[in-house]
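*Asks:* make a model of this:
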Amino acid sequence: MPAAAKPVYALIGSDAFLQLQKLREIVGQMPADVQRVDVEGERAEPAEVLDELRSYAMFGGAKLVVVRDADEFVARFRQPLEDYTAAPSDSGTLVLRLASLPKAQRIYKAIDKLGGIEVCDPPKDLARWAADRARSVHKFTLAPDAARLLVDLLGDDLGRIDNELAKLAIDAEGAGGSRGVAVTSEQVASATVFQREQEMWDLGNALAAGDVHEALRRWRHMIQLDPSAEFRAITWLGMWLEDVSAVIHGAQGKVAWKYKERLPQLIKTSKDLGPAGYRLALDLLAELDHQSKTGVGDAASNVERFILQVGVGT
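*Replies:* Below you'll find the predicted structure:
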């Protein structure tokens, strides 16, 4: 049996991949019918957040309220949050996603007392992290020089590193080296870095524009070229929605470095999807993630169903 979720969490750090990974773990500790509510910390009011936590879920189960970019929210409303943390709801879980939170502050100490502090900063030794994750999660051995090369190519973006590890795992298994011969730096160098992630961005652009046929065509083409895509689609789509959310809420500067000349397309995509379309996509992605973890349906088919449902809602 998984451990029960804590009433309040603070996911503290600069890495979105680690925050999303920890958030998935928290969701996995909650009932299957948990009702999730996401709010933007820069615009949220304490009454909005705390009333959601104290109200019961519409269809039973539990409530999960996630406050993104919560640094300003915590700074402005520290006292109400400290009061809530002292007597939290027994039917809701609050997750604060923060870039930083000083240990000396009372709110930090209060959340820490509940066991809800989670540090989400990239590790100092990224090559070791890549090698450890290759072995523990993707079930293959990555040679030390290959791990260093992978980090040199991708930088400190753990999401991209993990995506490439998943692809290398499929390649290694196909070559008979999943748990035997280590993947070499030559294999890393020859891998198609970023290609699948860019294809997923293009899929998202088509979906936001309401072109379901094109989104499905791109997804089926990706699966044909790279069967491992079905196992990484949730991570890709989650990162894409994070970027869409940043633009919708006026924080496009946070993702400009990543998209560069593709930024105008992301802005158009975000406008086409809009806040309502974004919320729908986020809810459907959470459902897709749950289905994948519980073995409901085929992974690739579940992604197609996600595309169709989002397409109908846009």
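*Asks:* Gln19 contacts Cys120, doesn't it?
*Replies:* Yes - with contact defined as Cβ atoms under 8 Å, Gln19 counts as touching Cys120 (4.6 Å). Every residue, glycine included, has its C-beta placed from N, CA and C.
*Asks:* shared neighbours, those two?
*Replies:* Both Gln19 and Cys120 are in contact with 11, 13, where contact means Cβ atoms under 8 Å, 6 or more residues apart in numbering.
*Asks:* from Leu241, how far out is Glu72?
*Replies:* 21 Å (Cβ to Cβ, to the nearest Å).
*Asks:* hmm, I was thinking of Arg262
*Replies:* 16 Å.
*Asks:* select the longest helix from this protein.
*Replies:* Using DSSP state H, we find that the single longest helix of the chain is helix 263-294.
*Asks:* next secondary structure after that helix?
*Replies:* Of the helices and strands lying after helix 263-294 in sequence (DSSP states H and E), the nearest is helix 299-313.
*Asks:* okay, buried residues for that following helix please.
*Replies:* The neighbour-count check on helix 299-313 (16 or more other Cβ atoms under 10 Å) flags 299-300, 302-304, 306-307, 309-311 as buried.
*Asks:* what is it packed up against?
*Replies:* The contact analysis (3 or more Cβ pairs under 8 Å, 6 or more residues apart in numbering; DSSP states H and E) places helix 299-313 against helix 195-208, helix 212-225, helix 229-248, helix 263-294.
*Asks:* reformat these as JSON lines; add distance to Ser55 and mean pLDDT.
*Replies:* As requested, the helices and strands packed on helix 299-313 are arranged in JSON lines below (distance: least, Cβ to Cβ, whole Å; pLDDT from 0 to 100):
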{"stretch": "helix 195-208", "distance to Ser55": "31", "mean pLDDT": "75"}
{"stretch": "helix 212-225", "distance to Ser55": "35", "mean pLDDT": "85"}
{"stretch": "helix 229-248", "distance to Ser55": "24", "mean pLDDT": "83"}
{"stretch": "helix 263-294", "distance to Ser55": "18", "mean pLDDT": "86"}
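*Asks:* any idea which of the ones you listed gets closest to Tyr108?
*Replies:* Using Cβ to Cβ as the measure, helix 229-248 is the one of the helices and strands packed on helix 299-313 that comes nearest Tyr108, at 24.5 Å.
*Asks:* what is the rounded mean pLDDT of stretch 299-309?
*Replies:* The predicted model gives stretch 299-309 an average pLDDT of 86.
*Asks:* name the residues that touch it?
*Replies:* Counting by Cβ under 8 Å, 6+ apart, the neighbours of stretch 299-309 from elsewhere in the structure are 203, 207, 212, 215-216, 219-220, 223, 230-231, 233, 237, 280, 284-285, 288, 291-292, 296-297.
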